[in-house]
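Peer 1: what's the 3D shape of this:
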Amino acid sequence: MEQAFGLEIPQTLSEICQPHRIALLVYDMQVGILSQLPPERAQHITDQVLKVLQAARDAGVRVFFSRHLSLPVEAAGVFQLRMAMAWQRVSHVSEVKPWFLRDAPGFQLIPELAPRTSEVIFDKITMSAFEGTFLNIALRDCGINAVIIVGVATEIGIEPTVRHSADLSYIPIIVSDACEGGDEEAAQRSIESLKFAGDAVITDTTTLCSLLNHTGR
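Peer 2: Residues are numbered from 1 along each chain as shown. Okay, here's the model as predicted:
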């Protein structure tokens, strides 16, 4: 641990992974999102996320789940409608069918996650999990300085969340094999770009779970 100016600056993943100073963000593991993946990839990412989730729970790490929410078309604005048209490849607003309305089955988290009453679920309409949500306030109030990120999709929402977390002075920890992309090549480009930027610590499920098992309560 590097020490300077009254600060402790972690240099290794082991030094970062102190359960009282980290949180786990499970990003958009929703029924309607995983259903868009081939079954074998959906099962694989589910298995990997569950491993990290269990290790975090055993270590006493605070857990947050994000869900992507679609606004009804009548309440959506210019950007929301334009994005929906692009994603759904339609030419007119009248053709847009919101995928993740609050009461839609696809909006819900996959049942395997089984969030506990001590864990937090929050909704967003943005790609960054920090924009327009209470996540930053909640983490700051708990003295968190690093965020473990797993879920879907790497190139759509996880990359902007990682970059935003770094701008907010958190240390982002990407568990690369517990993050899945909608497009595998685009997802790999995102990981390589984040690796090049150097803001994030990139690890794998086995390494992270081993560290959490050794540092947990």
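
Peer 1: show me where the protein dips below the pLDDT cut-off.
Peer 2: Applying pLDDT under 70 to the chain picks out residues 216-217.

Peer 1: where along it do the helices fall?
Peer 2: 13-16, 31-34, 39-59, 78-88, 135-141, 159-167, 184-197, 205-215 (DSSP state H).

Peer 1: tell me which of the ones you listed approaches P111 most closely.
Peer 2: P111 sits nearest to helix 31-34 of all the helices of the chain, at 8.3 Å, using CB to CB. C-beta coordinates here come from the backbone N, C-alpha and C atoms, glycine included.

Peer 1: packing partners of the longest strand anywhere in the chain?
Peer 2: Scanning the chain for the strand with the most residues, using DSSP state E, yields strand 171-180. When contacts are defined as 3 or more CB pairs under 8 Å, 6 or more residues apart in numbering; DSSP states H and E, strand 171-180 sits against helix 13-16, helix 39-59, strand 146-152, helix 159-167, helix 184-197, strand 201-203, helix 205-215.

Peer 1: if we can go back for a sec, closest one to L7 among the helices of the chain?
Peer 2: helix 13-16 (12.8 Å).

Peer 1: distance of the nearest residue to T154 once chain neighbours are set aside relative to L25?
Peer 2: Closest residue to T154 apart from its sequence neighbours, by CB to CB, 6 or more residues apart in numbering: A187 at 3.9 Å. Per CB to CB, to the nearest Å, A187 is found 17 Å from L25.

Peer 1: could you do L109 as well?
Peer 2: Taken as CB to CB, the span from L109 to L25 is 13 Å.

Peer 1: between those two, which has more neighbouring residues?
Peer 2: L25 (27 against 19; other CB atoms under 10 Å).

Peer 1: circling back to that earlier point, need the helices of the chain in a markdown table with mean neighbour count and distance to F100, can you?
Peer 2: A markdown table is the format used below for these (neighbours: other CB atoms under 10 Å; distance: least, CB to CB, whole Å):
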| stretch | mean neighbour count | distance to F100 |
| --- | --- | --- |
| helix 13-16 | 16 | 32 |
| helix 31-34 | 21 | 6 |
| helix 39-59 | 18 | 17 |
| helix 78-88 | 13 | 10 |
| helix 135-141 | 16 | 18 |
| helix 159-167 | 21 | 17 |
| helix 184-197 | 15 | 20 |
| helix 205-215 | 17 | 27 |
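
Peer 1: those: which one's closest to A104?
Peer 2: helix 31-34 (7.1 Å).

Peer 1: R57: what's it in contact with?
Peer 2: By CB atoms under 8 Å, 6 or more residues apart in numbering, R57 lies in contact with V63, R116.

Peer 1: what's across from the spatially most central residue of the chain in the sheet?
Peer 2: With distances taken as CA atoms, centre = their mean, the residue of the chain nearest its centroid is Y27 (2.9 Å). Y27 forms beta bridges with S66, G151, as assigned by DSSP bridges.
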